[in-house]
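Student: with the sequence up front, the predicted model follows.
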Amino acid sequence: MKAMVLKKTSLIEQKPLELVELPIPIPDSKQILVKVSACGVCHTELDEIEGRVSPSIFPIVLGHEIIGKVESLGPGTSKFKQGNRVGIAWINWACGRCPFCLKGEENLCDAAKWTGKDTDGGYAQYTVVSEDFAYPIPERFSDLEAAPLLCAGVVGYRALRLAGVEDGKVLGLYGFGASAHIIIQVAKYKYPNGKVFVFTRPKQKEHQNLARKLGADWIGATGDIPPEKLNCAIDFTPVGVPVREALKNLEKGGRVVINAIRKTTPIPELDYTEHLWYEKEVKSVANVTRRDAQEFLPLAAEIPIVPETQEFKLEQANEVLILLKEGKIRGAGVLRIAE
Ligand SMILES: [Zn+2]
Ligand SMILES: [Zn+2]
């Protein structure tokens with residue numbers, strides 16, 4: 001099979017992903033073999049490639065927003081049939097026995113494996129996964145549309161839940177890429193009387209236009225003062241400054257949720273009185289659980305979410321990631337791998 005592999009960490013500008021031929025993986029006990037049709041491109045791949053989140057094996061096939069069809073079944077499987085369409089997300093496996101797993105917090109499991117980091121992912125024609133960590137995909141989405149739901153959507157949904165949004169309140173979104181453009185649609189559906197304020201990089205017209213189209217109530221640049229205080233905010237950006245900016249604009253008792261696995265620049269020093277006093281909170285979002293995916297995918301179909309995607313070929317993975325780093329993807333970038 002064709003696959004784009006990463007052999008060692010490197011800056012993305014050096015185009016480190018290489019197109020190679022690999023043997024088609026064989027599904028182990030309880031695993032399914034999936035013929036990949038589309039794989040979304042996530043900012044976490046940049047963190048893996050550039051060494052901020054190092055893969056545990058090299059060479060590795062990245063990619064954790066995978067849509068495909070079940071090609072064959074390993075021994076002891078019972079959940080899917082050959083030909084079923086499935087999705088695979090960032091969580092690839094968790095132990096099921098540790099205190100975190102027993103509390104439903106498998107996203108914090110020490111033994112957990114992450115797709116495209118600890119096991120080969122979706123930048124390839126085939127991949128294998130435990131059937132317990134694959135999800136049926138609602139029919140209304142095409143393969144290309146469904147791919148970004150698996151991480152941008154599912155992790156964003158987790159962030160929205162952790163932000164503690166209530167109807168009628170003001171939600172701030174810092175950064176307006178793959179995840180935020182999905183989550184504004186969830187917020188508008190679940191909290192119809194609330195307001196959503198969007199902050200982008202200065203002069204990021206494409207992102208601002210998309211935010212306007214999707215119903216943002218106010219749009220500005222990070223650093224701008226919005227017309228009302230934010231009751232809660234989600235920071236989707238890869239940099240540190242928006243965390244301080246969000247805290248500055250937060251209403252008393254509000255919460256800022258940081259939806260990023262790593263930051264490429266530090267969070268600036270906080271002033272206790274200005275940024276934290278009055279019971280303001282900061283919380284990170286770490287990974288996802290299967291429950292997040294199982295709740296979000298049917299909700300995405302009910303709303304229905306309309307993902308904005310830009311299609312690329314598998315061989316273009318390096319170029320897409322460079323565009324992503326430069327903030328030049330409108331919506332979500334998706335690799336089309338097979339029809
Ligand atoms: Zn991701
Ligand atoms: Zn565990």
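Tutor: All right, it came through fine. Every value quoted in this text rests on a predicted model; they were computed, and no experiment measured them. Ligands and ions are numbered 1, 2, ... in the order given.
Student: next, the residue lying farthest from the centre of the chain: phi, psi?
Tutor: What lies farthest from the middle of the chain is T273; by CA atoms, centre = their mean that is 32.9 Å. Taking degrees, to the nearest 10, you get phi -70, psi -40 for the backbone angles of T273.
Student: strands of the stretch 151-300 of the chain, start to end?
Tutor: In the stretch 151-300 of the chain, the strands defined using DSSP state E, counting those that start in this stretch lie at 170-174, 195-200, 218-221, 230-235, 250-258, 281-284.
Student: for the fifth one, name the packing helices and strands.
Tutor: Put plainly, it is strand 250-258. Judged by 3 or more CB pairs under 8 Å, 6 or more residues apart in numbering; DSSP states H and E, strand 250-258 is in contact with helix 152-163, strand 230-235, helix 241-248, strand 281-284. All C-beta atoms are positioned from the backbone trio N, CA, C, and that covers glycine.
Student: now for these, which one comes closest to ligand 2?
Tutor: For the helices and strands packed on strand 250-258, the distance to ligand 2 is smallest for helix 152-163, at 17.4 Å, taking CB to the ion.
Student: before we move on, the earlier item: put together TSV for the helices and strands packed on strand 250-258, with distance to H207, mean neighbour count and mean pLDDT on each row.
Tutor: Conversion of those to TSV gives the following (distance: least, CB to CB, whole Å; neighbours: other CB atoms under 10 Å; pLDDT from 0 to 100):
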stretch	distance to H207	mean neighbour count	mean pLDDT
helix 152-163	14	25	97
strand 230-235	15	26	98
helix 241-248	14	22	98
strand 281-284	23	15	98
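Student: adding distance to E308, write the ones you listed out as TSV.
Tutor: Listed next are the helices and strands packed on strand 250-258 as TSV, based on distance: least, CB to CB, whole Å:
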stretch	distance to E308
helix 152-163	11
strand 230-235	18
helix 241-248	22
strand 281-284	26
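Student: so which of these comes closest to R291?
Tutor: helix 152-163 (9.3 Å; CB to CB).
Student: state the phi and psi torsions of the residue of the stretch 201-339 of the chain found nearest ligand 1.
Tutor: Nearest residue of the stretch 201-339 of the chain to ligand 1 (CB to the ion) works out as I261 at 7.7 Å. Backbone torsions for I261, taken as degrees, to the nearest 10, come to phi -80, psi -30.
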